[in-house]
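K.L.:
Sequence first, predicted coordinates after that:
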Amino acid sequence: MSVALDKPGDPAAPARVARSEGVWHAAWRRLRADRVGMVSLVVVLLFVVLIVLSATGIVARQWQREVGVPSAPPSIMGPAAKTEAAAIEGPKGPNVDISDVDPLAPRYKEWEERAARYKTAEAPKAQTLPFGGDRLGRDVLAKALKGTQTSVFVGLLAAVVATLIGTLLGALAGFFGGKVGDFLEWLYSVFTSIPEILLLLCFAAVFGRGIGSVAFILALVGWTGLYRQVRAEFLKHSVRDYVRSAEAIGASTASRMFRHILPNVSHVILVRMSLLVVGFIKFEVILSYLGLGVGVDDVSWGTMLAEAQSELILGHWWQLVAATAFMAVFVTAFSLFTDALRDALDPKLRGLE
Amino acid sequence: MAAYLIRRLWQMVPTMIGVVLLVFLLFKGFGGDPAEILAGLNATQQQVEAIRQQLGLNEPWWVQLWINVKQIVTFEWGRSWATNESVANIFATRLPATLTVMLPILILDALLALPIAMWVAYRRGSLADRTIMVITTVALSISFLVYIILGQYVFGFQLGWFPVQGWSDSVLKNLVTYVPLPVLLALMVGIAPQTRLYRTFFLDELGHDYVRTARAKGMTERTVLFKHVLRNALIPILTNIGLALPGVFVGSFLIEVFFSIPGLGREVILAVNRSDYPVLQALTVYLAVLTMLINLAVDVLYKLVDPRVVLK
């Protein structure tokens, strides 16, 4: 019977031979049909290009150079109105020659000669900059680009690390259960019984600042939700027939966990991970604002907002607008993309938060 | 009920031990040397040594852990390293300010988000629904910092409706003068995610069979919504409020820092900046206890809202 079916020319044969659509392929098809999802994907990809350009130093390499006058306004506003500084009145009395009592007098000439040997060039400072300048005259556009790189990088790195922790622990807890599961459940309950923000600040107090340590802190605090979901998926899958079949043909435990089950739950992990990115970016901004985030030599959206607060009172709104606009566009696009991704990968979840 | 409560309380013990261990190991293993933090930069070796002796830092770690546990059980955390104020006193004097700001936020948040979410869920797919969803998505993507910075600038500095920041000793004056602006800003930020969340809860309930049955019986829409759907949707909403409650006690520390409100949240930030470990440790441990107790209270509350729930 089966021989007859496999015979070439049989109308049933192509349907049997053609592979059924894979989960990733189907997801991509659904995602392509989602207009909002595709637009946000394009925006996110544009940001990725910008981040790569700024990370490789092609743009915004010299964001720390003071290229404009302090608080240079954006070009569309024209240069700032000159304020007449009241001239300091010079001394009126006669110039007294004190060189005979001045102990340094004999060396003035020598110092002048030595100073003349150094060449100094007066760098022309721009009166206006495309997006304005900050308090020191640094280009706000370059800062915003560099800040985007820092903030997004921290968010992504933290999300990847949190995903690794959560997936590994969740897989162990879900697959083995028993003593291992109990221990990990206990660990989970310990981490979730402390309010997230307080745990974050405790870690920040201990580990100090810097891009790496912020990402590490965020990951240490943020793995719990993902762990819970991966554990539930592994619990469900570990008793399924395909896993038992794999065991029957002698697949090792590790192979069953990571070669058989993991690909089947990876779409859940991917969705969770992209949800984490947005949350981590927001936390990084807050930590950096409070001075617990990236180091003093780095710029992120949070440090820009911290500077913008005092500038705003003087009427210099451009740094605030630049940082807010970059962040709002990226986070909105990324959230919408995450929603579309979730709908595409897991149609059952559509409409849920 | 009593048996349930006792068992739940008993189950908290291992978690509590875990929290104490985590906090102990974190500050012991990774934090700087307390003696050097306390002694300052110009301390001599003898001074550092004396402080180590005094804090019991020369003892083996299990003795230190025991000291730590004793401190927790007796509520005797000693004094802040930075200001020498007793930790108990810090709690007692900072908590009222935090509650004065945070309780109005929590209550108003729920009261405002509930009707909006219900209305939006009821009119699902309409222009109003989609408009509000778009607004909340954009509102969510702007950092809370921006709301506060702009809010203080516009309402406090330009329009002069509220003082930019400040605090007084009288609760009434605080509520009338200093609290409105932070509450207003927190609501602007908080309502968006709350509405989205509650909307999904309502949508979930609206799709159930009992709603169709109620409508088929000829009940008015008002009865269906308020007597049937609302009561069922209250369960996840209560969970959500329960989850937010422990946060109330730390206060939104951002609000307290920006508005110079002398509450617990600002104290935490100060403690982090000064490496003031006793304050941080005490706060973390007690808030963990509080979180667990609130979770238990929420579970008991379910029983009141939904008689079908069986407490096991």
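P.N.:
Everything's here; your move.

K.L.:
quick one, helices of the stretch 251-353 of chain A?
P.N.:
Counting by DSSP state H, counting those that start in this stretch, the stretch 251-353 of chain A has helices at residues A:253-255, A:262-289, A:301-313, A:318-345.

K.L.:
With chain B as the reference, name the closest of these.
P.N.:
Smallest distance to chain B across the helices of the stretch 251-353 of chain A (CB to the nearest CB): 3.7 Å, for helix A:318-345. All C-beta atoms are positioned from the backbone trio N, CA, C, and that covers glycine.

K.L.:
quick one, the closest one and helix A:262-289 angle?
P.N.:
If you take axes from the mean of the first three to the mean of the last three CA atoms, to 10 degrees, helix A:318-345 sits at 170 degrees to helix A:262-289.

K.L.:
touching chain B at all, helix A:318-345?
P.N.:
Yes - contact between helix A:318-345 and chain B, assessed by CB under 8 Å from any CB of the partner chain, occurs at A:320, A:324, A:327-328, A:331-332, A:335-336.

K.L.:
quick one on the thing from earlier: got a markdown table for the helices of the stretch 251-353 of chain A, with distance to residue B:189 too?
P.N.:
What follows is the helices of the stretch 251-353 of chain A, written out as a markdown table (distance: least, CB to CB, whole Å):
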| stretch | distance to residue B:189 |
| --- | --- |
| helix A:253-255 | 45 |
| helix A:262-289 | 11 |
| helix A:301-313 | 15 |
| helix A:318-345 | 13 |
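
K.L.:
Using JSON lines, lay out those helices together with distance to residue A:142 and mean neighbour count.
P.N.:
As requested, these are exported to JSON lines (distance: least, CB to CB, whole Å; neighbours: other CB atoms under 10 Å in any protein chain shown):
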{"stretch": "helix A:253-255", "distance to residue A:142": "48", "mean neighbour count": "11"}
{"stretch": "helix A:262-289", "distance to residue A:142": "18", "mean neighbour count": "21"}
{"stretch": "helix A:301-313", "distance to residue A:142": "11", "mean neighbour count": "22"}
{"stretch": "helix A:318-345", "distance to residue A:142": "10", "mean neighbour count": "22"}
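
K.L.:
Save those as CSV, and put in mean pLDDT too.
P.N.:
Listed next are these as CSV, based on pLDDT from 0 to 100:
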stretch, mean pLDDT
helix A:253-255, 88
helix A:262-289, 86
helix A:301-313, 85
helix A:318-345, 86
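
K.L.:
pLDDT at residue A:85, what is it?
P.N.:
You'll see residue A:85 listed with a pLDDT of 62.

K.L.:
next one: the one 4 residues further on
P.N.:
Each residue has a pLDDT score; the one for residue A:89 is 74.

K.L.:
show me what contacts it?
P.N.:
Residues near residue A:89 by CB atoms under 8 Å, 6 or more residues apart in numbering or on different chains: none.

K.L.:
Could you tell me whether it really is in a strand?
P.N.:
No - Residue A:89 is assigned coil when assessed by DSSP: H, G, I helix; E, B strand; the rest coil, not a strand.

K.L.:
who in the stretch 1-150 of chain B is up against chain A?
P.N.:
B:14-15, B:18-19, B:21-23, B:26-27, B:30-31, B:137-138, B:140-146, B:149-150.

K.L.:
Would you show me how to pick out the buried ones of these in PyMOL?
P.N.:
Remark: buried members of the residues of the stretch 1-150 of chain B next to chain A, expressed as a PyMOL selection using 16 or more other CB atoms under 10 Å in any protein chain shown:
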select buried, chain B and resi 15+18+19+22+23+26+27+31+137+140+141+142+143+144+145+146+149+150
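
K.L.:
List the residues that contact residue A:279.
P.N.:
For residue A:279, the contact set (CB under 8 Å, 6+ apart) comprises residue A:222.

K.L.:
Oh, that last question was meant for residue B:86, not what I typed.
P.N.:
By CB under 8 Å, 6+ apart, the contact set of residue B:86 is B:77-80.

K.L.:
hmm, try it at 7 Å
P.N.:
residue B:79 (CB atoms under 7 Å, 6 or more residues apart in numbering or on different chains).

K.L.:
Now do it against chain A, distance only.
P.N.:
Note on residue B:86: its distance to chain A, by CB to the nearest CB, to the nearest Å, is 20 Å.

K.L.:
C-terminal to the helix-or-strand element of chain B with minimal mean pLDDT, what's the next element?
P.N.:
Ranked by mean pLDDT, DSSP states H and E, the weakest helix or strand in chain B is helix B:34-39, scoring a mean of 72. Following helix B:34-39 in sequence order, the next helix or strand is helix B:45-55 (DSSP states H and E).

K.L.:
what is the rounded mean pLDDT of that following helix?
P.N.:
77.

K.L.:
Show me what the helix or strand following that helix packs onto, helices and strands only.
P.N.:
Remark: after helix B:45-55, the chain's next helix or strand is helix B:61-74, criterion DSSP H and E. When contacts are defined as 3 or more CB pairs under 7 Å, 6 or more residues apart in numbering or on different chains; DSSP states H and E, helix B:61-74 packs onto helix B:2-25.

K.L.:
Just the angle for the helix it packs on relative to helix B:61-74, thanks.
P.N.:
130 degrees.

K.L.:
Count the residues that sit near residue 210.
P.N.:
Unless you meant another one, I'm taking chain A. Residues lying near residue A:210 (other CB atoms under 10 Å in any protein chain shown) number 15.

K.L.:
not quite, I wanted chain B
P.N.:
The burial count for residue B:210: 12, using other CB under 10 Å.

K.L.:
which SSE is it in?
P.N.:
helix B:209-216.

K.L.:
now that helix, how far from the centre of its chain.
P.N.:
38 Å (CA atoms, centre = their mean, to the nearest Å).

K.L.:
can you check stretch A:109-125 too?
P.N.:
Remark: stretch A:109-125 is offset 44 Å from the chain centroid, using CA atoms, centre = their mean.

K.L.:
Which helix runs longest in the chain?
P.N.:
By default, I'm working from chain A. Longest helix in chain A, counting residues (DSSP state H): helix A:140-176.

K.L.:
Actually, chain B is the one I wanted.
P.N.:
The longest helix of chain B (DSSP H) is helix B:87-122.

K.L.:
and the direction of that one versus that of helix B:61-74, what angle?
P.N.:
On the basis of the same axes, to 10 degrees, helix B:87-122 is oriented at 70 degrees to helix B:61-74.

K.L.:
Point out where the stretch 101-250 of chain A drops to low pLDDT.
P.N.:
Of all residues in the stretch 101-250 of chain A, none has pLDDT under 70.

K.L.:
Going by residue numbers, what spans are helices in it?
P.N.:
A:108-117, A:140-176, A:178-193, A:196-207, A:211-222, A:224-237, A:241-248.

K.L.:
So residue B:165 lies in a helix, does it not?
P.N.:
No - assessed by three-state DSSP, residue B:165 does not belong to a helix; its assignment is coil.

K.L.:
For residue A:237, give me its contacts.
P.N.:
Applying CB under 7 Å, 6+ apart, we find residue A:237 in contact with A:243, A:261, A:264-265.

K.L.:
for residue B:123, same thing?
P.N.:
Per CB under 7 Å, 6+ apart, neighbours of residue B:123: residue B:129.

K.L.:
Check the one 4 residues further on too.
P.N.:
Residue B:127 sits next to no residue when contact means CB under 7 Å, 6+ apart.

K.L.:
Please name the nearest non-neighbouring residue to the residue in the stretch 51-200 of chain B that chain A sits nearest to.
P.N.:
Minimum separation of the stretch 51-200 of chain B from chain A (CB to the nearest CB) falls at residue B:141, amounting to 3.7 Å. Excluding the flanking residues, the one nearest residue B:141 by CB to CB, 6 or more residues apart in numbering or on different chains is residue A:331, at 3.7 Å.

K.L.:
need the contact list for the one you found.
P.N.:
Contacts for residue A:331 (CB under 7 Å, 6+ apart) come out as A:278, A:281, B:141.
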